[in-house]
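**Q** Test case, fold it:
(2 chains, ligands or ions: 1)
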Amino acid sequence: MQQFTVALAGNPNVGKTTIFNAVTGSRQHVGNWPGVTVEKKTGRISHRGIEIDVVDLPGTYSLTAYSLDEIVARDFILDEKPDVVIQVVDATNLERNLYLTTQLMEIGAPLVVALNVADLAEARGDAIDAERLQSLLAIPVVRTVGNRGEGIEDMLDAAIREAESPPRHEHTVGYGDDAEAAIARLVTALSADADLAGHYPLRWLAVRLLEGDEHADCRLEGSPAREAALEILAGIDREACEAALADKRYEVIAAILAQVCRLAPEKISASDRIDRVVTNRYLGIPIFLALMWGAFELTFAVGGFFGEAIEAGFGVLGEAAATIEPGWLASLIGDGILGGVGAVLAFVPHIFILFLILSIMEASGYLARAAFIMDRLMYAFGLPGKAFIPMLMGFGCNVPAIMATRTIEDHKERLITIMVNPFISCGARLPIYVLFTGIFFGREAGTVIFALYVLGIAVAIGSAKLFRSTILPGESAAFIMELPPYRLPTLRGSMIQMWDRGSTYLKKAGGIILIGAVIIWALASNPPGVEYGSQESLVGIIGNMLSPAVEPLGLNGKIAVALIFGILAKEIVVSSLGVLYGAGEDAGSLTDALAADPGLGPASALALMVFALLYLPCIATLAVIRAETGSWRWTGFAVGYGVVIAWLLAFFAYQAGRLIWGI
Amino acid sequence: MLPRGGGVTLDRIIPEQACRIVGIRARGRSRRRMFAMGLVPGARVEMLRTAPLGDPVEYRVRGYCLAIRKADAGLIDVMPEEQ
Ligand SMILES: Nc1nc2c(ncn2[C@@H]2O[C@H](COP(=O)(O)OP(=O)(O)O)[C@@H](O)[C@H]2O)c(=O)[nH]1
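**A** Below is the predicted model:
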């Protein structure tokens, strides 16, 4: 059977994901591009008896070396040489979309253009002569309407025809006499290297070199043609050249469009009317906050409902597990695996719903507006506007929040946003605050809890600034962001995206969470014969060993043990304290027991809460940090940095508290 | 290099005013990004509105909408169109 690889390319927001879903249905596989954390989607279909591997390239505006996305897309085309590249083009925005087309043509890939969103262009009254466009570009152009599945078959037919036909001549933009002369000289020089000539389209490489593309420079390393090429480039102002070539491309595009399009007279679009309200100087922020609040309510109402059901389910399983023989196995399964994993899984519904909301915001175009509205605030902390939503989501749960950083294009900005997110006080830490403020702060409880949230935000912001100026320095890339027209998202598309991201999380984090749960169980139930999690168990021994470290914070070994259990999920700190203070599950008696402990007072309670807020992220969060950064080093750094900051601030809180309350 | 176009930069353009780009002083990646987004000398840009907190600014260029921070828009020299 014949087999082809088809790559989907295109600008962001043109309906590329919609087309990919329409082509592959549910037969898709989500993973990462090798070595980087850019999402890679592939799917295998069979069309008219031909097997087609469809690869979704990251959405990009060009194929330079601007971002990781662009490099990934470009390297795939250059190195994997797909049989056809289909560029999905937004028909309502041809001028900018065709810029990428000119670059795809130059790179020499067999190309098909899918003229998508044709419905909206037609509804607006634009007349686009697709046949004329096809003959001017000398590449097949197919009309599609992604969200209704129109034109998909034709598009695939065209792709197969293109893959089977002999390669066309490089049909590219002519850059004018001066530039063409330089290109010709470069091509001659480069063709001396047979290796290079066999691997890259030389005209493309010459153009990239003229434009001062560092990644093109790299490809010259070690080539016998390097000297000659550099000599030619030495006499050329590459920056001026880059501007001139970009200008030339737009000139060619304008000339083509003049022949194929009759655009309807520009009216105030529906998008513009919505924006007048949604990004309005006075209404913009209240509307944004109201939407965020609604998203939260929905997540915690619906997520909480399913979460409780899951917890109840694990409870039933736990009871069943208690009857297993031998006893240690019952404990491993009941206390360790079901207890630990269940506590984390109870948050899975929240994660799925947050993803659903996020993908609806993304596909509708609102996400870009949110970034537009919040950019000024985030910029003050060295972060882009898009970092705001992950920060906000962190108040719910850090896990989906960290996954939501995928919308941030710049690698360093994304890394910073990931690293500071655990300091945002998630919902699971609230039970700890409620318990201790209730005992030690009485009527001031609300104020103290509020202050803890503020402290979390302050540490996140301060750390972002610190990372920006030390370990992850760099100019913020220019903030130039498209505000795509508002579109009605399809339920199907949003559900698919929710499922993809949610299940990827479960697959990636599941193993780490399971291992973590088993390790903690092993520590709590060994040496054999001890009571689970008691002072005599390994956890208890470690806790006692740690007590000198937590004494300056006014805390004791039991609390250190509870904090170790908190690594599973922060709210477990409360239930383990219950066990350690011999109070069982009854919250009332735990309150009495803690209040009766002479070693504890407002100052040490405050220190404990500050420590619990800032110390290491829970296992699920660590797993997602590892998955999203692709690095154990960054994961380790999150732990080390968190513990140090937590200890220092808790120490400060304890000492300050002692001055105020005495204990 | 002195700004061309009488010293007017894109961040100075007021709502509903239009202008043409005469020069781009951004460097490196920012510069590349601007080209890819259609901001090249000669392009017509229309200012739409400022974000609620005063920055960034939304413009229309080549038939679509683009948000640019003032600091970055300040690196784009323009010639305002007569109203
Ligand atoms: N009217 C219309 N909407 C479309 C079309 N294709 C996609 N959309 C919508 O455009 C939005 C963005 O699509 P998406 O596939 O997420 O864009 P991507 O960023 O390129 O992957 C979604 O709300 C889609 O439902 C189309 O041909 N016509």
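**Q** who does the longest helix along chain A touch, helix- and strand-wise?
**A** With residue count as the measure and DSSP state H as the assignment, chain A has helix A:284-321 as its longest helix. Secondary-structure packing of helix A:284-321 (3 or more Cβ pairs under 8 Å, 6 or more residues apart in numbering or on different chains; DSSP states H and E): helix A:270-278, helix A:339-345, helix A:348-364, helix A:366-379. For every residue, glycine as well, the C-beta is placed using N, CA and C.
**Q** Pull out the buried positions in the helix or strand of chain B with the lowest mean pLDDT.
**A** Sorted by mean pLDDT, DSSP states H and E, the helices and strands of chain B end with helix B:28-36, the least confident at a mean of 86. For helix B:28-36, the neighbour count (16 or more other Cβ atoms under 10 Å in any protein chain shown) marks B:Arg29, B:Ser30, B:Arg31, B:Arg32, B:Arg33, B:Met34, B:Phe35, B:Ala36 as buried.
**Q** Name the nearest of those relative to A:Gly578.
**A** Comparing these against A:Gly578 with Cβ to Cβ places B:Arg29 closest, at 54.0 Å.
**Q** Quick check: closest non-adjacent residue to A:Ala163.
**A** Leaving aside its sequence neighbours, A:Ala163 sits nearest to A:Asp83 (Cβ to Cβ, 6 or more residues apart in numbering or on different chains; 4.0 Å).
**Q** Help me confirm that that neighbour comes into contact with A:Glu51.
**A** No. With contacts defined as Cβ atoms under 8 Å, A:Asp83 does not count as touching A:Glu51, sitting 11.5 Å away.
**Q** what is in contact with these two at once?
**A** With contacts taken as Cβ atoms under 8 Å, 6 or more residues apart in numbering or on different chains, the residues that reach both A:Asp83 and A:Glu51 are A:Phe4.
**Q** quick one, which of the two is more surrounded?
**A** With neighbours defined as other Cβ atoms under 10 Å in any protein chain shown, A:Asp83 and A:Glu51 compare such that A:Asp83 has more, 19 against 13.
**Q** how many degrees apart are the longest helix of chain A and helix A:366-379 in direction?
**A** Helix A:284-321 and helix A:366-379 are oriented at 100 degrees to each other (axes from the mean of the first three to the mean of the last three Cα atoms, to 10 degrees).
**Q** Find the centremost residue of chain B, please.
**A** In chain B, the centroid-proximal residue (Cα atoms, centre = their mean) is B:Leu10; its distance is 3.8 Å.
**Q** What are the buried residues along stretch A:188-199?
**A** Of the residues in stretch A:188-199, those with enough neighbours to count as buried (16+ other Cβ under 10 Å) are A:Ala189, A:Leu190, A:Asp193, A:Leu196.
**Q** and if you look at stretch A:544-558?
**A** Using 16+ other Cβ under 10 Å as the test for burial, stretch A:544-558 gives A:Asn544, A:Leu546, A:Ser547, A:Val550, A:Leu553, A:Gly554, A:Leu555, A:Asn556, A:Gly557, A:Lys558.
**Q** so the third one is in which element?
**A** Pointing back at A:Ser547 there. Mapping A:Ser547 onto the secondary structure by DSSP states H and E places it in helix A:538-550.
**Q** Alpha carbons of the helix or strand that that helix is followed by, as PDB, please.
**A** Of the helices and strands lying after helix A:538-550 in sequence (DSSP H and E), the nearest is helix A:557-565. Backbone C-alpha positions of helix A:557-565 (Å, rounded to 0.1, in the frame of the first residue of the first chain) are rendered in PDB as follows:
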ATOM      1  CA  GLY A 557       8.600  16.500  64.700                       C
ATOM      2  CA  LYS A 558       4.900  15.600  64.400                       C
ATOM      3  CA  ILE A 559       4.300  18.600  62.200                       C
ATOM      4  CA  ALA A 560       7.400  17.800  60.100                       C
ATOM      5  CA  VAL A 561       5.900  14.400  59.500                       C
ATOM      6  CA  ALA A 562       2.500  15.900  58.500                       C
ATOM      7  CA  LEU A 563       4.400  18.200  56.100                       C
ATOM      8  CA  ILE A 564       6.100  15.200  54.500                       C
ATOM      9  CA  PHE A 565       2.700  13.600  53.900                       C
END
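**Q** Now do helix A:557-565: which elements does it pack against?
**A** Helix A:557-565 sits against helix A:491-525, helix A:538-550, helix A:572-580, helix A:602-614, with contacts defined as 3+ Cβ pairs under 8 Å, 6+ apart.
**Q** what is the mean pLDDT for the first one?
**A** Just to be clear, that refers to helix A:491-525. Averaging pLDDT along helix A:491-525 gives 79.
**Q** and the angle for that helix with helix A:538-550?
**A** Computed with the same axes, to 10 degrees, the direction of helix A:491-525 lies at 90 degrees from that of helix A:538-550.
**Q** how close does the residue nearest to A:Pro552 when sequence neighbours are not counted get to the ligand?
**A** Excluding its sequence neighbours, the residue lying closest to A:Pro552 (Cβ to Cβ, 6+ apart) is A:Phe651, at 5.6 Å. As for A:Phe651, its distance to the ligand is 48 Å (criterion: Cβ to the nearest ligand atom, to the nearest Å).
**Q** Please point out which parts of the helix or strand hosting A:Phe651 sit buried.
**A** Counting by DSSP H and E, the element that carries A:Phe651 is helix A:632-661. Within helix A:632-661, the residues that qualify as buried by neighbour count (16+ other Cβ under 10 Å) are A:635, A:637-639, A:641-642, A:645-647, A:649-651, A:653-654, A:657-658.
**Q** Who are the packing partners of the helix holding A:Ser547?
**A** helix A:491-525, helix A:557-565.
**Q** from the ones you listed, which stretch is densest packed?
**A** Per-stretch averages of neighbours, counted by mean count of other Cβ atoms under 10 Å in any protein chain shown, single out helix A:557-565 among the helices and strands packed on helix A:538-550, with a mean of 25.
**Q** and that one with helix A:538-550, angle?
**A** Orientation note: helix A:557-565 sits at an angle of 110 degrees relative to helix A:538-550 (the same axes, to 10 degrees).
**Q** Tabulate the CA atom coordinates of the least confident helix or strand of chain B in CSV.
**A** The C-alpha trace of helix B:28-36 is given here as CSV (Å, rounded to 0.1, in the frame of the first residue of the first chain):
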residue,chain,number,x,y,z
GLY,B,28,17.0,40.8,16.2
ARG,B,29,14.0,38.7,17.0
SER,B,30,11.7,41.7,17.5
ARG,B,31,12.5,42.9,14.1
ARG,B,32,11.9,39.6,12.5
ARG,B,33,8.6,39.3,14.3
MET,B,34,7.5,42.7,13.0
PHE,B,35,8.3,41.7,9.4
ALA,B,36,6.4,38.4,9.7
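**Q** So which bits of the host helix or strand of A:Lys40 are buried?
**A** With elements delineated by DSSP H and E, A:Lys40 resides in strand A:39-47, which encompasses its position. By 16+ other Cβ under 10 Å, the buried positions in strand A:39-47 come out as A:Glu39, A:Lys40, A:Lys41, A:Thr42, A:Gly43, A:Ile45, A:His47.
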